Each structure stands twice: as C-alpha cells, then as structure tokens.
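J.: Have a look; sequence and predicted model below, questions after that.
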Amino acid sequence: MATLDRALVFIGFMGAGKTTAAYQVADALGVDALDSDALLEERLGHSIAEEFARNGEEAFRAKEEELVCELLATAGPGDVTALGGGSVLSERVCAALEPHLTVLLEVDVEVAWKRANGVSRPLSRDRDAFAMLYEERRPLYEELADAFLPPDLRSITNVAEASTHPASGTPSVAVRALPALRALAVAPAGTRLLWATAESGEYPVFIGSGLLANGGWSDAMWPMDRSVSRGWCVSDETVAALHAPPPDAVEALVRIPPGERHKTLATAERVWHELVADGMTRADHVVALGGGVVGDLAGFCAATYQRGVPIVHVPTTLVAQVDSAYGGKTGVDLPEAKNYVGAYHQPAGVLVDPDTLVTLPLAELAAGWVEVLKTALIAGGALWERVSLASGCDGDERTILDCARTKLAIVAADERDAGHRQVLNLGHTVGHAIETVTGYARYRHGEAVGLGLLAALRLSGADALRGQMRELLLARGLPVTLDGTGVGIEEIVAATIRDKKRVGAGSSAPFVLVDAPGEVRIGCHVPRDELSAAVAELA
Ligand SMILES: NC(=O)c1ccc[n+]([C@@H]2O[C@H](COP(=O)([O-])OP(=O)(O)OC[C@H]3O[C@@H](n4cnc5c(N)ncnc54)[C@H](O)[C@@H]3O)[C@@H](O)[C@H]2O)c1
C-alpha cells in the first residue's frame, strides 16, 4: 500500500487501543510500528509499573519525554508511532507533534477501565481516580488531534491480547480510516478529520478553512475514486454561482431553485430526469453542494436513483455544516408535513469548508446558529458554556467541529431514530409544524426551530433556560414570537400532532424535553392543553 505524506502518531487515553492500531496500520503500510511504552521499557530494562514504584511518576515522565521527543524528531513520512497516554502532558512533546499527523483514538471511559484495569498499569488501579484522569486529559487530546477516530467496539477489546499479538484481532478503525488519513496528510494545514460511523456505513468528514480552494476537490482528497465513479453535482442557483466546483471535479452541475419551497418531489423528479439525460450510472456518485435543502434533496435523489448511488456532501450553510450534512437523513417536504418522504442514506464523505460561510447572508447565519444552540443544549458542558456566552454567530471551526462530533456520536449509537437519536429533534416538533402551516415560506428552518426550542423549554418547565434562550435568539435578531403570521394556534398544534415522529394511530408526536443543558429526555408525551399553552405563548 502506498505510504503517507506525513508520519502518523496515535495518541489517546490508556486502553484506547493505540498499540493495536499502530501495529495494524504499520502492517497495512508495510513498515514497522514504534510503541513508546514498549521502547521505554526496553531502555529502562524493567516495566513502567516498576519504574513508577522505584522512582515515582516524575522521574518516569522525564524519561518518557526524552524518548518520545527523540522518536518524534526522527519520524518521517509514513512512519507509525503509538505514544503512551500521558506523554502528551509534556509541552515539549506537544511541540514535537506539530509536523506529524496526530490521530486521537477515542475510547469510552468504561471500556478504557475494563481494558486497563488488571493489566499492570500504575494509573489504572483506582476507578474514581481513573475517571478523573480521563476527564482531565480529554481536552488536551482533543486540542492536539488532527484526526478523531471514535470508540471502536468492533475491534480488539483486550489490551493484554493486543500486547501479545499487537497486529492481531479485527481490523481496527484506524485501518478502515487509512485512505482518509492518507487524504488528510495532503490536506491544507489545520484541516481535521472526523471518522463517522453508523450501522450502515462509515465515512470521512474533513473540516478546514480554505479546504475547497486548496485541494478539497482534488483526486487526492476526494472520498470517491474518480477513475471509476464520476460525480454529478446538485446545487442551488445561488450556491452554484458562488462556489461551483472546478469543471474537472464533476461531470455536470444540476441546478435547482433555492429555498425550502423547492424541497419537493417535483424538484427531485427534475433532478432524476437530468441525471438520466446526462447518462449517470449506478457506478457514479452525487455531490450535494449547498445548504440543508440541497443536502436533503440531493441525498434523497442519491438514495433512490437506480436504487441508490453514493453521495458526497459539501455543505455551505451553518445549518448544513453543524447538522444536516451528517447522519444520513434525506428527504423532501409534502404540503401536509415536513420531511414526510425520505430515506436514510449515509454519505460517502463530507467536506466542510467554513470559508464558504463568508458569502452567507447574516440572516442565514443567524438561523444556522439556532442549530448550534440546539446541539449545545443537547451536549451541555463546555460546548453549551461557550455557545451560550458567544456574542455573535460566526461559524468558527471549533464550534462546527464540536457540533459535528456531538451529532456523529449520537448517530453512531442510533442511526435510525430508534432511541437516543431522537434528542436531535429538540425544538423540531413544533418548529416543523410552524414551517408546514406557514407554507415553508415565512420562516427559515433555523428560525422556526428557535420558536420550537422556546416551546420545548416551556413544556420542560425550564423557565430560566427558556428566558436565556429567548435572550440568545433576540440578540441575533431571531424571532421569538409568531407575530404577523396569521396562523392559528390550533393549526400549529394539529400539525405538531401529525409530526412523523409519532407511532401508531391516534398517538401524538413524542417530545424532547430538557431538564438542564446536557440533560435531555426523549419520548415525552405532553397533554394537548399544555402543548396549546406553549404554542399560545409564542403568539
Ligand atoms: N437531514 C438532516 O439531518 C437535517 C438537519 C437539519 C436541517 N435539515 C434541513 O435543512 C434545511 C435548512 O437548511 P439551510 O438553512 O441550510 O437552508 P438552505 O439550503 O435553503 O440555504 C439557505 C439559503 O442560503 C443560500 N446559501 C447556501 N449557502 C450559501 C453560501 N455559502 N453563500 C450564500 N448563500 C448561500 C441558499 O441558496 C438558500 O437561499 C431544512 O430543509 C431542514 O429540514 C436537515
């Protein structure tokens, strides 16, 4: 297998499977893997546990720093190294990582504990101390990572087994992500890779400012092999005029009119006809270039054209960059209800360039910020703190990355909305109803979701949080009432009850309610009079 343009360095908490990943990747590349823990034990002449016992952690860290800096100074393109979990606590080590591709192997704390406890690791003897250390180190790993590989339950689960046969076991996520890591090695500086997983498939998400102008459309970075699959780009007229792909990147450009009113079966049919007329085959792929409307519609066309062709998303609105481009939900609206016809169809890849937001009108940016607020409310913690304090609504790279990671983690656990994924519908039950009864023309999607969030917080009895959300929306010029729509409360309530999330005849749509940022409950049924009161409050 061809080598990489940079050295790969695996970092992460103990028990993440760094050694296994490094050995498997090195095996695939035909090189030898280096494991800093093993090399240090060789140099010390005894185990790390013994070094801790004899000389203490400080002495160990000094020796570890020395060795890791030596390894990183000599690592060249294509080399593969696994670092000890705590080695990145050293500033010298962090600086030495700079030229290399740093790959974070994420691991759930419970899984890490099961793997590490009982193996002779000096820092995995006390469960509470282990969990504290995990939380302490997490932000540091995330700061350093160029690539984020999510917890991989399919691969080897036992570190003891891994250390006897480092390259054995089910191929690790790092091996499956190798083509994407190769692409990341040639991406513009600062680009990050998220590896997205779902039951029906895995795909790379590249996020970086300037990505599209600096190689994002090139064969080296493109998630599909263009020698066997040609791309048909679907975009709306506005986006096509501003951000069209280079002519050699796609076979043809299919333009649709912009706006939610055109997210219809009629537009989908037009696209299908153009694809047929242009000679697109099932070996080819669709490229969705635009906001959530283009992504949902082109995704639906891709899911159904010749029973399904791959799609690559290139999102250009904040809504799409923080939310709609990930997770595989595609579809169109019916006059009766929003997103009523659609399919799950995971992308083959997503390329996110926050620079495309420069041309996005401020009102669209503000509407997109509502999806940021929703995601942050679901995630809680540092993301909510940062977002709820932010004064503007810039789609900065860190916020986009954190929102994308939040969504991808939810989808990885529940691709088809059977359970936890329903948290992502927070604010959408009433929001979709408002969009439907106003003919998909009065409010932007994000604006309607903002109103839906206020209703959901009222239904949650979270009055202080509702007040805070109202201020956050007002500060960005977003609507907090239904002023001037002329739509009746009961019309919205009826449309809410018709929401497609309901199951069974006569039932109503379950709500997502919020106890506090980060504490969100799904499947909550609310009495009709309470729903009417929450919607009436918006009027
Ligand atoms: N599939 C999902 O998981 C999911 C999640 C959230 C939202 N959605 C869907 O997303 C849609 C809303 O997405 P949206 O807000 O991106 O709407 P949109 O696609 O209609 O884009 C908004 C407007 O911005 C313009 N635009 C897009 N990119 C631009 C750019 N870079 N510069 C200048 N103008 C640009 C478009 O032409 C359009 O007029 C809704 O239909 C919603 O249902 C889907």
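T.: Cool, got the structure.

J.: Point to the residue nearest the middle of the chain.
T.: The C-alpha lying nearest the average C-alpha coordinate of the chain belongs to residue 404 (Cα atoms, centre = their mean; 2.8 Å).

J.: any idea how far residue 445 is from it?
T.: As judged by Cβ to Cβ, to the nearest Å, residue 404 and residue 445 stand 18 Å apart. (C-beta placed from N, C-alpha, C; glycine too.)

J.: what does residue 420 give?
T.: Taken as Cβ to Cβ, the spacing of residue 420 relative to residue 445 amounts to 23 Å.

J.: One more: residue 73?
T.: When residue 73 is compared with residue 445 (using Cβ to Cβ), they lie 50 Å apart.

J.: Which one of these two is surrounded by more residues?
T.: Shown here are residue 73 and residue 445; by other Cβ atoms under 10 Å, residue 445 has more neighbours (27 against 9).

J.: I'd guessed that one sits against residue 367; true?
T.: Yes: Residue 445 sits in contact with residue 367 when judged by Cβ atoms under 8 Å, with a separation of 6.6 Å.

J.: anything in contact with each of the two?
T.: Taking Cβ atoms under 8 Å, 6 or more residues apart in numbering as the contact rule, residue 445 and residue 367 both touch residue 319.

J.: interface residues of the stretch 301-450 of the chain facing the ligand?
T.: 316-317, 319-320, 323-324, 327, 329, 339, 356, 359-360, 364, 367, 444-446 (Cβ under 6 Å from any ligand atom).

J.: Buried among the residues you listed? Make that a PyMOL selection.
T.: Command for PyMOL that selects the buried part of those, burial taken from 16 or more other Cβ atoms under 10 Å:
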select buried, resi 316+317+319+320+323+324+327+329+339+356+360+364+367+444+445+446
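
J.: Residue 112 contacts residue 13, correct?
T.: Yes: using Cβ under 8 Å, residue 112 and residue 13 qualify as a contacting pair, with a distance of 5.4 Å.

J.: any common contacting residues for the two?
T.: What both residue 112 and residue 13 touch, as defined by Cβ under 8 Å, 6+ apart, is the set residue 134.

J.: where does the residue lying closest to residue 244 once chain neighbours are set aside land in three-state SS?
T.: The shortest distance from residue 244 to any non-neighbouring residue, by Cβ to Cβ, 6 or more residues apart in numbering, is to residue 253 (6.4 Å). Classification of residue 253 using DSSP: H, G, I helix; E, B strand; the rest coil returns strand.

J.: any idea of the pLDDT on residue 253?
T.: Note for residue 253: predicted pLDDT of 98.

J.: after the helix or strand encompassing residue 404 comes which helix or strand?
T.: Using DSSP states H and E, residue 404 sits within helix 397-413. Going down the chain from helix 397-413, the next helix or strand is helix 428-437, by DSSP H and E.

J.: which is the next helix or strand following that next one?
T.: That would be, after helix 428-437 and using DSSP H and E, helix 445-460.

J.: Checking residue 181 next. Helix, strand or coil?
T.: Under three-state DSSP, residue 181 comes out as helix.

J.: That one contacts residue 147, doesn't it?
T.: Yes: counting by Cβ under 8 Å, residue 181 touches residue 147, with 6.1 Å between them.

J.: Residues in contact with both of the two, list them for me.
T.: With contacts defined as Cβ under 8 Å, 6+ apart, the residues shared by residue 181 and residue 147 are 101, 103, 193.

J.: Could you report the separation of the closest residue to the ligand within the stretch 401-539 of the chain from residue 438?
T.: Residue nearest to the ligand within the stretch 401-539 of the chain (Cβ to the nearest ligand atom): residue 445, separated by 3.7 Å. Residue 445 sits 12 Å away from residue 438, taking Cβ to Cβ as the criterion.

J.: swap in residue 52?
T.: 65 Å.

J.: Where do the strands of the stretch 101-250 of the chain begin and end?
T.: Per DSSP state E, counting those that start in this stretch, the stretch 101-250 of the chain carries strands over the ranges 101-105, 147-149, 192-198, 201-207, 231-236.

J.: Quick check: which of those is nearest to the ligand?
T.: Distance to the ligand, taken as Cβ to the nearest ligand atom, is lowest for strand 231-236 among those, at 4.5 Å.

J.: ok now the closest one, how far from the chain's centre?
T.: Its chain's C-alpha centre and that of strand 231-236 lie 22 Å apart, by Cα atoms, centre = their mean, to the nearest Å.

J.: same deal with stretch 371-388?
T.: That offset, for stretch 371-388, works out to 14 Å (Cα atoms, centre = their mean).

J.: pLDDT averaged over that stretch - what is it?
T.: 96.

J.: and if you look at stretch 231-245?
T.: The model assigns stretch 231-245 a mean pLDDT of 98.

J.: Send me that stretch as CSV with only the CA atoms.
T.: The C-alpha coordinates for stretch 231-245 follow below in CSV (Å, rounded to 0.1, in the frame of the first residue of the first chain):
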residue,chain,number,x,y,z
GLY,A,231,-19.6,13.0,-9.9
TRP,A,232,-22.9,14.8,-10.6
CYS,A,233,-23.1,18.0,-8.6
VAL,A,234,-26.5,19.1,-7.4
SER,A,235,-26.6,22.7,-6.1
ASP,A,236,-29.0,25.6,-5.9
GLU,A,237,-28.7,28.5,-8.3
THR,A,238,-27.3,30.9,-5.6
VAL,A,239,-24.6,28.5,-4.4
ALA,A,240,-23.7,27.3,-7.9
ALA,A,241,-23.0,30.9,-8.8
LEU,A,242,-20.7,31.5,-5.8
HIS,A,243,-19.0,28.2,-5.1
ALA,A,244,-19.2,26.0,-8.2
PRO,A,245,-16.7,23.1,-8.3
